[in-house]
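> Below: sequence and its predicted model.
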Amino acid sequence: MTDPGRALITGKWKDVGRFKGPMLRGLAGRAPYFHNGSAASLLDAVNFYDVRFGLGLTDEQKSDLVAFLRTLYRRLRPNRHPPARDTLRHAATAAACRHNQRGSRPA
């Protein structure tokens, strides 16, 4: 029997056996890892998967993998913070209002 995968969510036959993997962007900034925080660093997580799945990675390959995962993390400049969700929502609402006002003016 085939695992239904994403088809359970989308209801589409083409999604049977397809899966959505976890997002790797920003992973380096989300330590500790695993549901219980048992991997304090990316290297600890890589070592866990290497042993668990018998990957046989060399120390150099582990180091390269950790370095790659770190490149997917963009640190903000010290004095910059991401905009709050309310700020983004307000900006989108204001833009929509401006668009509607332009479209509703009499000709």
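Structure received.
> And the average pLDDT for stretch 17-33 is what?
Stretch 17-33 carries an average pLDDT of 83.
> hmm, who's touching it?
Outside of stretch 17-33, the residues within contact range by Cβ atoms under 8 Å, 6 or more residues apart in numbering are 2-7, 38-42, 44-45, 69-70, 72-75. Heads up, the C-betas are built off the backbone N, CA and C, glycines and all.
> hmm, try it at 7 Å
For stretch 17-33, contacts defined as Cβ atoms under 7 Å, 6 or more residues apart in numbering pick out 2-3, 5-6, 39-42, 45, 69-70, 72-73.
> Now do Pro22 against Leu69, distance only.
The spacing between Pro22 and Leu69, counted by Cβ to Cβ, to the nearest Å, is 12 Å.
> and Lys20, how many neighbours?
For Lys20, the neighbour count with other Cβ atoms under 10 Å is 9.
> Helix, strand, or coil at it?
Classification of Lys20 by DSSP: H, G, I helix; E, B strand; the rest coil places it in coil.
> looking at the protein, which helix or strand is least sure?
Sorted by mean pLDDT, DSSP states H and E, the helices and strands of the chain end with helix 85-103, the least confident at a mean of 58.
> before we move on, the earlier item: so Pro22 and Leu69 - more neighbours on which side?
Leu69 (18 against 5).
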